[in-house]
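Asks: starting from these lines, generate the structure:
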Amino acid sequence: MFKHILTLFSLLALTNTLYGLENSTCKQCHPVIYNEYQNSMHAKASIFKDPVHKAVWDKHPAKAKGNYKCAKCHTPADHALLQQKGLPQPNSIQLNEPISCQSCHTIKDVVKHAKANENIYTTKKKYFYSADKAKKGQKVIFKEEKSLFGLITKTSGSPYHDIDYSNENFYSGNMCLGCHDHKENGKGFAVCDMQIKQGDSKENCISCHMPQTQGSLANQKQSPTHAFHGINIHHKPVDLSKYVKLSLNQNSNGFTITIKNEATHTLFPQPLRLSQLRVSIEKEGKESTLAPVNFHRIIGTDGKPSMPWLATEVISDNTIKALESREVSFKEPLEKGDVVVVRFGYYIANPKAAQKLNIQDPEASQFIILKTERFPIR
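Replies: Numbering: from 1, shown residues only. Next comes the predicted model:
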């Protein structure tokens, strides 16, 4: 009993330091999720961890004015920077948790605006939102019940935070759209627009990017699975490849590859991204590679590519839209016994753009294969 009392006191002591809730506090109950987060893009969203974001920011005119305009989405956990403006400093938040657990789990609502959506955060202390279909609509509040003249304490819920399972945004995926929907520049031009169709599919942001994976949600209450928190597109995304389907149709002029996008958003529409279809033919022990086919959205001014804050027009856009099937034809004759190898993947930063921006990180301009299929010709 004495051991349990000491444990409770230590938990309550840690609770006093919760706000501003550091991820290291969350680690004590959610170690699996904490370890996943360390390699996520949310953990590396600041200019100190994201080489692409830094390269673009270094050229932004707002930098010379000492006004970091990206904090709302790239470093919302750095409350001092949000309140005082100025430039990011290499503090523990910027380096370790720019988009912290609290940043996402306290989003009460998302308000849509033409320029960019806005996250509305709850003002309740130690109040988190989450999704659990078995508990949908419930609110789990921390409670203490004492007995035997206060010597025995029974608790329910988490001593660190209350949990509200009634927020519909956490079931629909809308809680992601404060930052991941669209963004206009100062000229009123949509620099990025994911063109999300959340209602047109059974899938949404959370079910695709945060699939249930093995490992317990928390130490205190074991569960077989939890929502994956290692969101990262620098390496092959977990389970994302299943939302891209590749097929081949042979014809008299050659063959056609169909790319079916089952995701509820455009594939890689961000200005620096580049997705690519690579096709090769294995014939009698030799492999010949065909010219790759690029899919990208190029923005600029007066018909020429430009930096996002200067752009006023779309110069070209052949990105694959949500729930679209795109056919790509090749005039290459196929024979029985041939094998057509099809790869679909992407670059975090278009290699040409990476070179112009002097992005040195090799991962930024590395071709990442999302899907590979082999089609034997019979």
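
Asks: could you use CA atoms for every contact and neighbour count after this?
Replies: Noted.

Asks: just the helices in the stretch 1-150 of the chain please.
Replies: Per DSSP state H, counting those that start in this stretch, the stretch 1-150 of the chain carries helices over the ranges 2-15, 23-27, 31-37, 51-58, 61-64, 71-74, 79-84, 92-96, 101-105.

Asks: mean pLDDT lowest for which of the ones you listed?
Replies: Ranked by mean pLDDT, the helices of the stretch 1-150 of the chain end with helix 2-15 in last place, scoring a mean of 40.

Asks: chain center to stretch 30-44: distance?
Replies: For stretch 30-44, the distance from its own C-alpha centre to the chain's C-alpha centre is 12 Å (Cα atoms, centre = their mean, to the nearest Å).

Asks: if you could redo that for stretch 196-207, that was the one I meant.
Replies: A distance of 14 Å separates the C-alpha centroid of stretch 196-207 from that of its chain, computed with Cα atoms, centre = their mean.

Asks: give me the contacts around it.
Replies: Counting by Cα atoms under 8 Å, 6 or more residues apart in numbering, stretch 196-207 makes contact with 170-174, 176, 181, 263-266, 322, all of which sit outside it.

Asks: now these in JSON lines, with neighbour count, secondary structure and distance to Asp302?
Replies: Compiled in JSON lines, the contacts of stretch 196-207 are given as follows (neighbours: other Cα atoms under 10 Å; DSSP: H, G, I helix; E, B strand; the rest coil; distance: Cα to Cα, whole Å):
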{"residue": "Phe170", "neighbour count": "22", "secondary structure": "helix", "distance to Asp302": "41"}
{"residue": "Tyr171", "neighbour count": "19", "secondary structure": "helix", "distance to Asp302": "43"}
{"residue": "Ser172", "neighbour count": "18", "secondary structure": "helix", "distance to Asp302": "39"}
{"residue": "Gly173", "neighbour count": "16", "secondary structure": "coil", "distance to Asp302": "37"}
{"residue": "Asn174", "neighbour count": "18", "secondary structure": "helix", "distance to Asp302": "35"}
{"residue": "Cys176", "neighbour count": "18", "secondary structure": "helix", "distance to Asp302": "33"}
{"residue": "Asp181", "neighbour count": "17", "secondary structure": "coil", "distance to Asp302": "26"}
{"residue": "Ala263", "neighbour count": "25", "secondary structure": "coil", "distance to Asp302": "33"}
{"residue": "Thr264", "neighbour count": "24", "secondary structure": "coil", "distance to Asp302": "32"}
{"residue": "His265", "neighbour count": "22", "secondary structure": "coil", "distance to Asp302": "28"}
{"residue": "Thr266", "neighbour count": "20", "secondary structure": "coil", "distance to Asp302": "25"}
{"residue": "Ala322", "neighbour count": "21", "secondary structure": "coil", "distance to Asp302": "28"}
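
Asks: which one of those residues is nearest to Gln212?
Replies: For Gln212, the nearest member of those is Tyr171. The distance, counting by Cα to Cα, is 13.5 Å.

Asks: need the contact list for that closest one.
Replies: If a contact means Cα under 8 Å, 6+ apart, then Tyr171 has 131, 206 as its contacts.

Asks: cool, and Ser241?
Replies: Contact partners of Ser241, counting by Cα under 8 Å, 6+ apart, are 370-371.

Asks: got it, and Gly230?
Replies: Applying Cα under 8 Å, 6+ apart to Gly230 gives the contacts 33, 36-41, 210.

Asks: tell me the phi and psi of the most centrally placed residue in the chain?
Replies: Centrality entry for the chain: nearest residue to the mean C-alpha point is Ile231, 5.1 Å, by Cα atoms, centre = their mean. Phi and psi for Ile231, reported as degrees, to the nearest 10, are phi -50, psi 120.

Asks: excluding chain neighbours, what is closest to it?
Replies: Take Ile231 and drop its neighbours on the chain: the residue closest to it by Cα to Cα, 6 or more residues apart in numbering is Ser40, 4.9 Å away.

Asks: so what's the model's average confidence on stretch 316-327?
Replies: In this model, stretch 316-327 has an average pLDDT of 97.
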